[in-house]
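*Asks:* generate a structure from the sequence data that follows.
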Amino acid sequence: MKYVIMFTSTPELDAAVPEERRQEVYGRIYEWFGTNADKIDDSGAELHPVSTATTVRSGDDGPVVADGPFSEAKEVIGGFSVIDVADLDAAIELVKTWPSLEFPGVAVEIRPMVVDYSQFE
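*Replies:* Numbers count the residues shown, from 1 in each chain. A predicted model of the protein is given here:
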């Protein structure tokens with residue numbers, strides 16, 4: 001089963017982690033991707049800060065484009081990946097090893113993917 005895993009944090013945490021510590025954890029994250037390569041459908045992707053976001057929303061006269069993120073959430077999605085594992089339990093066990101979980105306020109959301117679009121016909 002395929003799942004999207006989204007790595008989230010908070011702006012306050014991101015600002016509080018010293019650069020040296022951040023680089024050390026990034027090294028462990030790269031190792032994590034290498035160790036789990038057989039379960040990962042992509043190389044993962046880190047996102048630019050929310051200040052660079054553009055949002056397209058539905059509007060009365062068609063799509064409306066606006067600068068900035070408009071999702072109502074306390075967490076910020078910092079990156080994502082697609083994993084292919086047997087089931088949710090396997091996804092949870094894999095995600096429990098995510099290196100950044102040692103920091104308070106970090107979370108990894110696990111969301112099943114719809115992989116068979118024929119169910120909508």
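*Asks:* OK, contacts around Pro99?
*Replies:* Each residue near Pro99 by CB atoms under 8 Å, 6 or more residues apart in numbering is listed here: Val25, Arg28, Ile29, Glu31, Trp32. From N, CA and C alone the C-beta is placed, and that goes for glycine too.
*Asks:* ok, 10 Å please
*Replies:* Neighbour list for Pro99: Glu24, Val25, Tyr26, Gly27, Arg28, Ile29, Tyr30, Glu31, Trp32, Val106 [criterion: CB atoms under 10 Å, 6 or more residues apart in numbering].
*Asks:* which of those residues tops the neighbour count?
*Replies:* Val106 (20 neighbours; other CB atoms under 10 Å).
*Asks:* so it touches Phe7, yeah?
*Replies:* Yes: look at Val106 against Phe7 with CB atoms under 10 Å: they come within range, at 7.6 Å.
*Asks:* okay, and the common contacts of those two?
*Replies:* Common neighbours of Val106 and Phe7 (CB under 10 Å, 6+ apart) are Glu75, Gly78, Trp98, Ser100.
*Asks:* most widely separated two among the residues you listed?
*Replies:* Glu75 and Trp98 (14.3 Å; CB to CB).
*Asks:* just the element for Gly78, please.
*Replies:* strand 76-84 (DSSP states H and E).
*Asks:* any idea how far that strand is from the chain center?
*Replies:* 3 Å (CA atoms, centre = their mean, to the nearest Å).
*Asks:* which helices and strands sit right next to that strand?
*Replies:* Helices and strands touching strand 76-84, by 3 or more CB pairs under 10 Å, 6 or more residues apart in numbering; DSSP states H and E, are strand 2-9, helix 11-16, strand 45-46, helix 88-95, strand 107-112.
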